[in-house]
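> Quick one, what's the 3D model for this:
(chains A and B)
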Amino acid sequence: MNRFMQSDFFYHFRNTPVAMISFAVFTCIILAAVFANIIAPYNPFDPASLNLMNGFTPPMQANDFTGEVFLMGTDDQGRDLFSTILYGLRISLFVGVMAVALAMVLGVLLGLIAGFLGGWFDVLIMRFADIQMTFPSILVAMLIYGVAKGVLPPDLRYEMSITVLIISIGLSEWVPFARTVRGSTLVEKEKEYIIVAKMIGLNKWQIMIRHILPNVLSPVLVIATITFALAIIAEATLSFLGVGVPTTKPSLGTLIRIGQDFLFSGEWWILLFPAITLLALALSINLFGDWLRDTLNPKLK
Amino acid sequence: MVLLFVAFISFLIFRFVGNPVESLLGQEATVAQRAALEEALGLNEPIYVQYAKFVWRALQFDFGNSYRGALPVAELIATRLPATLELALTSATFAVIFGVITGIYTAIHRGSFLTNLILSTSLIGVSLPTFLIGVLLIWLFSVELNWLPSFGRGDVVDLGWWSTGFLTLSGLKSLILPSITLGLYQMTLIMRLTRAEMLEVLQQDFIRLAKSLGQSNRQIYFFHALPNILIPVITITGLQLGSVIAFAIITETVFQWPGVGLLFINAVYFVDIPVMSAYLLLVGFAFVVINLVVDLLYLLIDPRLRDSQMRGEN
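From the prediction side, this is the model:
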C-alpha cells in the first residue's frame, strides 16, 4: 500500500482534480448501489409498503392525502423514486459489469490465441472482427437480443431477459479487446523470453497464459473502463427501447422510459432524477477512463 | 465480400432461428405434412443451394412475409424507408454543417470564452445517450415551450412511391427535434476532428508562407487550410453516416417516427425474424454504398489521386 501511495500513478491522480472528482462520484454511486437495501428508505419491490395514495408526490413536498415527504418524489404507483433509483442502479451496474467481464474474457482470449498462433485462425477471427466493427455495437446487441429471444422458448424469455441482455451487450463489445491484445501479443511473442520458453519445450497454452498474458494486460484495463461506460449506456438504451430488462425490475433506462410517459402531464421528476443519475455515472466513468488512458498508456490516444 | 457475409448471417438467422415450417403449420402438423412443406419451400436441399436462392431472392427484394400482419417485408420497408432516409439525411447535413463550422471556429479562436463553452458542452454531449438527448429536447421544446411537435412526421405529401415531409410546414417542424437528436453526437465528433486537423494544418509551413505573403486571414483559412482537412473529415463523416442509420432506431422510437428503425425495434420485440434479417441486409447494403461513395469523393477532392487515376496509373 505504501508503495502505491508513492507511485507516479498516485501522484498523477492527486494532481488531477478531474480524475479525483470523477473517481469520487463514481465511488459514491457504486457504494449507493451496493448498499441500496440499507440506504433506501423504502423497498420499492415490496407491494405491502406501497400506498397508491402517495402516487405522483412532487419531490420535497408533503403528499396531499398522506402528508408523507419524499426526497425525489414518487412515481405513479407511489414508489419512492430515490429508493427505486438505487435499486435500478444495482441492475444497471450488474449488467454493465457482467457484460464487460464477458467481452473482456472473450476478447482477450481470442486476441491472445489469434496473435500467438497466427494462420487461418487469426485471419478468421480478425476478418470477423472487422466486419462486426463496421456495424455500431448497439445494433449488434439488438440483433443478438432479438435472435436470442427467437431461439429461447417463450416461457423462458421473460426470466432469462437479464442474462440475454448481458450476453448481447458482451458479444457486441469484444472487438476492441481482441484487437489490442492481438497487437501486443504479436510484439511480445518475438521477445527473447518467449523464444527461450519455446526452446525449453513449454507447451503453447502454458506460454500463452502464464507468460504472454500478464504482459499484455495493462491496456486491457483502460479499454475495460471505457467499455464499462459504453455497456451501461447500451443497457440503458436497450431498456429504454423496451428490449432490455423486464419492467418489474426497472433499471435506469426503464425508469427514464417510464418518466417520459409522465412528462406530458407535468410530472417531470420521474424523468429527471434517473436521467441525472445515468448522466453522472456515464460522465464520471468516461472522464476517469480518459485520465486512466492518458496516464497508463499515452500511445493509445 | 462484406455484403455476402452479412447476407450469410441474415440467411442463418432467417433459416434457423425462426422455424418456417412450425410457424406456417403450427405444432399439430403431421410428419407427412411437414415433409411436403419442406419439399415445397426447398428446405431439404443442401444449405449452400438454399443460401444461393436466398441471395437471389434478396436481390429481387423478396424477403418473404412478415410474421405479424403477413405483409411482404419488402413492401413494409418500402413504405417506411423515405421517412428514415429524410431523417438521416437532414441530421447528417446538420451535423456536417455545424460540426465543420464550430470546429473551424474553435480552432481559430483558441481559448476564447465561446470556444471553451462549445468544447465543454460537447463533452457532455458525448456522454449523453442519444435517447436521453431526445427526451430532454421533447421536454424543453414540446412540453415546456410547446413550440415543436413531439412525435410523428406531421403532414406528408405523396410523390408517387415516395412520401415526403419536406413540403409541409408541420412536416418540417416535426423534422427539427429528431434530426437534432440524431445529429448531435455526430456533430461533436466532426467538430473535434475538424478542430484537431485544423490546428495541425495551421502549423505547417505553407500557411506561414501565405501569412508572410500578406494574405488575409479569411483567404488562408478557407482557401489554404480548409481543402487540406477535407479528406479525414469526409472519411469520418461517411463512416458516421452509416451509424446515423443505425442510431435512427433509437431516435425513431423516442419520437415515434414511422421509419424502418421503428419497424426493426418492433420486430425485435415481437421476434419477427424475416423483418430482422431484411433490415440487417438493408443496413449492410447502406454501409457498402456509403463506403463506395466516400472512395469516389476522395477522387473528386484530392488532386493527387485524381490526376494519377486520369493518367491511368495505380
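
> Just give me the neighbour total for whatever residue of the stretch 201-314 of chain B ends up closest to chain A.
Residue nearest to chain A within the stretch 201-314 of chain B (Cβ to the nearest Cβ): residue B:268, separated by 3.8 Å. No exception for glycine: its C-beta is placed from N, CA and C like everyone else's. By other Cβ atoms under 10 Å in any protein chain shown, 23 other residues sit near residue B:268.

> dump the residue contacts of it.
With contact taken as Cβ atoms under 8 Å, 6 or more residues apart in numbering or on different chains, residue B:268 is in contact with A:142, A:143, A:145, A:146, A:149, A:243, B:276.

> Which secondary structure element is home to the spatially closest residue to it that is not a sequence neighbour?
Computed as Cβ to Cβ, 6 or more residues apart in numbering or on different chains, the closest residue to residue B:268 that is not its neighbour in sequence is residue A:146, at 3.8 Å. Assigned by DSSP states H and E, residue A:146 belongs to helix A:137-151.

> tell me what that helix is packed against?
With contacts taken as 3 or more Cβ pairs under 8 Å, 6 or more residues apart in numbering or on different chains; DSSP states H and E, helix A:137-151 sits against helix A:161-172, helix A:218-241, helix B:226-254, helix B:260-269, helix B:273-301.

> Could you list the buried residues of the last one?
Of the residues in helix B:273-301, those with enough neighbours to count as buried (16 or more other Cβ atoms under 10 Å in any protein chain shown) are B:273-284, B:286-288, B:290-291, B:294, B:297-298.

> From those, pick out the ones that also neighbour chain A.
B:273, B:276, B:280, B:283, B:284, B:287 (Cβ under 8 Å from any Cβ of the partner chain).

> does residue B:279 really touch residue B:263, like I thought?
Yes. Counting by Cβ atoms under 8 Å, residue B:279 touches residue B:263, with 7.2 Å between them.

> ok, now which ones touch the residue in the stretch 1-150 of chain A that chain B sits nearest to?
Per Cβ to the nearest Cβ, residue A:146 is where the stretch 1-150 of chain A lies closest to chain B, at 3.8 Å. Residues near residue A:146 by Cβ under 8 Å, 6+ apart: A:243, B:267, B:268, B:271, B:276.

> what's the closest non-adjacent residue to the fourth one?
Here the nearest residue to residue B:271 in space, its sequence neighbours aside, is residue A:150; by Cβ to Cβ, 6+ apart that works out to 4.6 Å.

> neighbours around the one you found, how many?
If we define neighbours as other Cβ under 10 Å, then residue A:150 has 18 of them.

> now swap in residue A:18 and tell me
12.

> Toward the C-terminus, what is the element adjacent to the host helix or strand of it?
In this assignment (DSSP H and E), residue A:18 forms part of helix A:17-34. Downstream of helix A:17-34, the next assigned helix or strand under DSSP H and E is helix A:36-39.

> what about the next helix or strand after that next one and chain B, touching?
Where DSSP H and E defines the elements, the next helix or strand beyond helix A:36-39 is helix A:81-117. No. Applying Cβ under 8 Å from any Cβ, one finds helix A:81-117 separated from chain B by no less than 11.8 Å.

> for whichever helix or strand comes after helix A:81-117, packing partners?
Later in the chain than helix A:81-117, the nearest helix or strand by DSSP H and E is helix A:119-134. When contacts are defined as 3+ Cβ pairs under 8 Å, 6+ apart, helix A:119-134 packs onto helix A:81-117, helix A:175-188, helix B:2-12.

> Give me the neighbour count for residue B:248.
Neighbour tally, residue B:248, other Cβ under 10 Å: 26.

> again, but for residue A:35
By other Cβ under 10 Å, neighbour count at residue A:35 equals 12.

> wait, what's in contact with the spatially closest residue to residue A:244 that is not a sequence neighbour?
Excluding its sequence neighbours, the residue lying closest to residue A:244 (Cβ to Cβ, 6+ apart) is residue A:238, at 3.8 Å. Counting by Cβ under 8 Å, 6+ apart, residue A:238 makes contact with A:138, A:141, A:142, A:145, A:165, A:168, A:169, A:244, A:253.

> Quick check: next helix or strand after the one helix or strand the last one maps to?
With elements delineated by DSSP H and E, residue A:253 resides in helix A:252-263, which encompasses its position. Scanning forward in sequence from helix A:252-263 by DSSP H and E, the next helix or strand is helix A:269-296.

> From the contact counts, what lies against that next one?
helix A:8-14, helix A:17-34, helix A:81-117, helix A:218-241, helix A:252-263, helix B:113-127, helix B:130-137.

> any idea how far residue A:181 is from chain B?
To chain B, residue A:181 is 23 Å away according to Cβ to the nearest Cβ, to the nearest Å.

> tell me the contacts of the nearest residue to that residue once chain neighbours are set aside?
The spatially closest residue to residue A:181, leaving aside those adjacent along the chain, is residue A:111, at 3.2 Å (Cβ to Cβ, 6+ apart). For residue A:111, the contact set (Cβ under 8 Å, 6+ apart) comprises A:177, A:178, A:179, A:180, A:181, A:182, A:185.

> How confident was the prediction at residue 12?
Defaulting to chain A. Reported pLDDT at residue A:12 in the predicted model: 74.

> you looked at the wrong chain, it should be chain B
So residue B:12 comes in at 66 (pLDDT).

> cool, and residue B:82?
79.

> Near it, how many residues? Count them for me, please.
21.

> what comes up buried for the helix or strand that contains it?
Per DSSP H and E: residue B:82 is located in helix B:73-108. Residues B:73-74, B:76-77, B:80-88, B:90-92, B:94-96, B:98-100, B:102-108 are the ones in helix B:73-108 that count as buried (16+ other Cβ under 10 Å).

> which residues of the stretch 101-250 of chain A score low on pLDDT?
A:153-158, A:247 (pLDDT under 70).

> who are the neighbours of the helix holding residue B:82, in terms of helices and strands?
helix B:113-127, strand B:162-164, helix B:169-201, helix B:226-254, helix B:260-269, helix B:273-301.

> before we move on, back to that, could you dump the helices and strands packed on helix A:119-134 to CSV with distance to residue A:274?
Formatted as CSV, the helices and strands packed on helix A:119-134 follow (distance: least, Cβ to Cβ, whole Å):
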stretch, distance to residue A:274
helix A:81-117, 6
helix A:175-188, 28
helix B:2-12, 35
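
> looking at these, which is closest to residue A:12?
helix A:175-188 (21.9 Å; Cβ to Cβ).

> Contacts for the helix or strand that the closest one is followed by next, please.
Going down the chain from helix A:175-188, the next helix or strand is helix A:192-199, by DSSP H and E. Residues outside helix A:192-199 that contact it (Cβ under 8 Å, 6+ apart) are A:188, A:206, A:207, A:211, A:212.
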